[in-house]
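Colleague: Take this sequence and fold it.
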Amino acid sequence: MITNFFIPELNNHDVQELWFQQDGATCHTARATIDLLQDTLGDRLISRFGPVNWPPISCDLTPLDYFLWGYVKSLVYADKPQTLDHLEDNIRRVTADIRPQMLEKVIENWTSRLDYIRASRGSHMTEIIFKM
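Modeller: Predicted coordinates for the structure are as follows:
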């Protein structure tokens with residue numbers, strides 16, 4: 001996927017300021033994967049075993065985990081797609097409808113989460129919820 005889709009897609013865009021973050025799945029953190037991504041992205045890789053190490057269990061800190069995937073999934077499956085084409089259409093539609101204002105709120109919430117983590121010296125964030 002990285003070789004056949006991701007890198008060719010990156011080459012179609014100006015990505016000099018792009019940072020790439022991925023989770024700690026074994027296939028994502030394999031040496032060959034990390035080397036390939038570092039060759040493509042340099043130091044702009046946030047990944048376990050990458051140049052910018054990301055904690056392996058950090059769902060409280062990852063906006064994709066604590067909000068976006070659940071939000072997208074709830075809308076993608078709302079009409080119970082029965083075919084792969086229907087599912088793909090829903091994914092495209094839902095992701096295209098995500099507005100910059102929503103992502104700004106996600107980043108605001110993310111920074112408050114980081115402040116909370118710093119103040120609590122890394123403890124769990126039981127009192128924090130996503131605010132829209």
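
Colleague: From here on, just use CA atoms for contacts and neighbour counts.
Modeller: Will do.

Colleague: what are the ranges of the strands in the protein?
Modeller: Under the criterion DSSP state E, the chain contains strands at 20-21, 45-46.

Colleague: Any idea which of those strands gets closest to residue 88?
Modeller: Across these, residue 88 has its closest neighbour in strand 20-21 (23.0 Å, C-alpha to C-alpha).

Colleague: elements contacting the closest one?
Modeller: strand 45-46 (3 or more C-alpha pairs under 8 Å, 6 or more residues apart in numbering; DSSP states H and E).

Colleague: Give me the contact list for the strand it packs on.
Modeller: With contact meaning C-alpha atoms under 8 Å, 6 or more residues apart in numbering, strand 45-46 is reached by 19, 20, 21, 22, 37, 38, 51, 52, 53, 54.

Colleague: Could you rerun that using 6 Å?
Modeller: The contact list for strand 45-46 (C-alpha atoms under 6 Å, 6 or more residues apart in numbering) reads 19, 20, 21, 52, 53.

Colleague: Cheers, nothing more for now.
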